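> Coordinates for the following, if possible.
(one chain, ligands or ions: 2)
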Amino acid sequence: MTLRRPGEFVTPPGRLTHRSLLLSGVSGPAGDQTSFNDPSSEAGKGVHFVAPRTRAGAADQGEQRQLLAAADVARTIARIAHQIIERTTPDAEDADRVLLLGIPSRGAPLARRLAAKIAEFSGVTIPTGTLDVTLYRDDLRRRPTRALESTSLPVDGIDDALVVLVDDVLFSGRTVRAALDALRDHGRPRAVQLAVLIDRGHRELPIRADYVGKNVPTARDEGVSVQLRETDGTDAVLLRRRGTETSR
Ligand SMILES: O=P(O)(O)OC[C@H]1O[C@H](OP(=O)(O)OP(=O)(O)O)[C@H](O)[C@@H]1O
Ligand SMILES: O=c1cc[nH]c(=O)[nH]1
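Ligands and ions are numbered 1, 2, ... in the order given. Sure, this is the predicted structure:
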């Protein structure tokens, strides 16, 4: 673990090999429409379940199909940013301390982009960070050689904050489940919300997102690939044939 700025803890990628190291090292002081899964919100209705696609869907026409182009990705991120502002009112006097924590790898740049848009639209700068969930995954025995990513929490920690977890794709829900376990080792947020660019359905756990950029009905053997400038050199979302029936 290294200390970047006072109070900011960073677990370097690839350095930790055991969950106990993480625990001792970072327990610090501390559809087609964007949907908003507020149970009280009209906009959220109908987005909690995504019907499975049949195999005769668009991905059958080739090995991959573009679901979102760069401009669509930008618009979708801007829409989610507006929804986070609407729901968390970060500019209100009595607002919760809101934090955006990206789940590596692509959740991290997404969180930063959301924060930039929120600052642009509301004038409020929301602290961002990253949360590595690798050692909290429930498939470590099946895939023991995953590289560790970095955890970098805002200087004031996560206690009593409204933490918005950010990820690119929501599928089985197991990554988010791991993220909730990881969070618990860093503090006790007042509440945790989830923002994802793509919800492709096929949940295996009772988890849903509060902010969804795009619901994409998929077959289980398809794959959604989010590409971002920061990690892939370009912005796009692709639907790919995957050839496996199992989740990761
Ligand atoms: O809901 P789930 O079934 O857990 O799937 C969603 C996760 O899968 C991908 O991550 P992956 O583990 O492939 O790593 P990556 O972010 O480095 O691509 C994606 O970025 C999500 O984090
Ligand atoms: O299709 C999928 C499933 C999980 N994670 C992804 O990034 N894509």
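> how would you label the residue nearest the centre of the chain: helix, strand or coil?
In the chain, the centroid-proximal residue (Cα atoms, centre = their mean) is Asp167; its distance is 1.5 Å. At Asp167, secondary structure determined by DSSP: H, G, I helix; E, B strand; the rest coil is strand.
> list the contacts for Val163?
99, 101, 183, 189, 191-193 (Cβ atoms under 8 Å, 6 or more residues apart in numbering). To be clear about C-beta, it is placed using only N, CA and C from the backbone, and glycine gets the same treatment.
> Chain neighbours aside, what residue packs nearest to it?
Pro189 (4.2 Å; Cβ to Cβ, 6 or more residues apart in numbering).
> Go ahead and produce CSV holding the CA coordinates of stretch 218-230.
The C-alpha coordinates for stretch 218-230 follow below in CSV (Å, rounded to 0.1, in the frame of the first residue of the first chain):
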residue,chain,number,x,y,z
THR,A,218,-28.8,-10.4,-24.6
ALA,A,219,-28.5,-14.1,-25.0
ARG,A,220,-26.3,-15.7,-22.3
ASP,A,221,-23.7,-16.7,-24.8
GLU,A,222,-23.3,-13.2,-26.2
GLY,A,223,-20.9,-10.8,-24.7
VAL,A,224,-21.0,-7.0,-24.3
SER,A,225,-17.7,-5.3,-24.8
VAL,A,226,-17.4,-1.7,-23.6
GLN,A,227,-14.5,0.2,-25.1
LEU,A,228,-13.3,3.5,-23.7
ARG,A,229,-10.7,5.9,-24.9
GLU,A,230,-8.7,5.6,-21.7
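> How far does stretch 141-158 stretch from one end to the other?
29 Å (Cα to Cα, to the nearest Å).
> Could you confirm whether it reaches ligand 2?
No - against ligand 2, stretch 141-158 shows no contacts by Cβ under 6 Å from any ligand atom, the least distance being 13.3 Å.
> Which residue ranges of the chain form helices?
19-26, 70-88, 107-122, 174-184, 229-232 (DSSP state H).
> of those helices, which approaches ligand 2 most closely?
Comparison of these against ligand 2 by Cβ to the nearest ligand atom identifies helix 174-184 as nearest, at 7.7 Å.
> Do any residues in that closest one lie close to ligand 2?
No - applying Cβ under 6 Å from any ligand atom, one finds helix 174-184 separated from ligand 2 by no less than 7.7 Å.
> Show me what that helix is packed up against.
strand 162-170, strand 191-199 (3 or more Cβ pairs under 8 Å, 6 or more residues apart in numbering; DSSP states H and E).
> quick one, what contacts Ala108?
So Ala108 contacts 102, 130, 149 (Cβ under 8 Å, 6+ apart).
> Just give me the closest of the residues you listed to ligand 1.
Out of these, the member with the shortest distance to ligand 1 (by Cβ to the nearest ligand atom) is Glu149, at 7.5 Å.
> Ligand 1 contacts on this structure?
So far as Cβ under 6 Å from any ligand atom goes, the chain lies against ligand 1 at 103, 105-106, 167-175, 247-248.
> Now the two most distant members of the contacts of Val163.
Of all pairs drawn from the contacts of Val163, the greatest distance, 12.9 Å, lies between Leu101 and Ala191 (Cβ to Cβ).
> More neighbours: which of the two?
Between Leu101 and Ala191, counted using other Cβ atoms under 10 Å, Leu101 has the larger neighbour count: 29 against 13.
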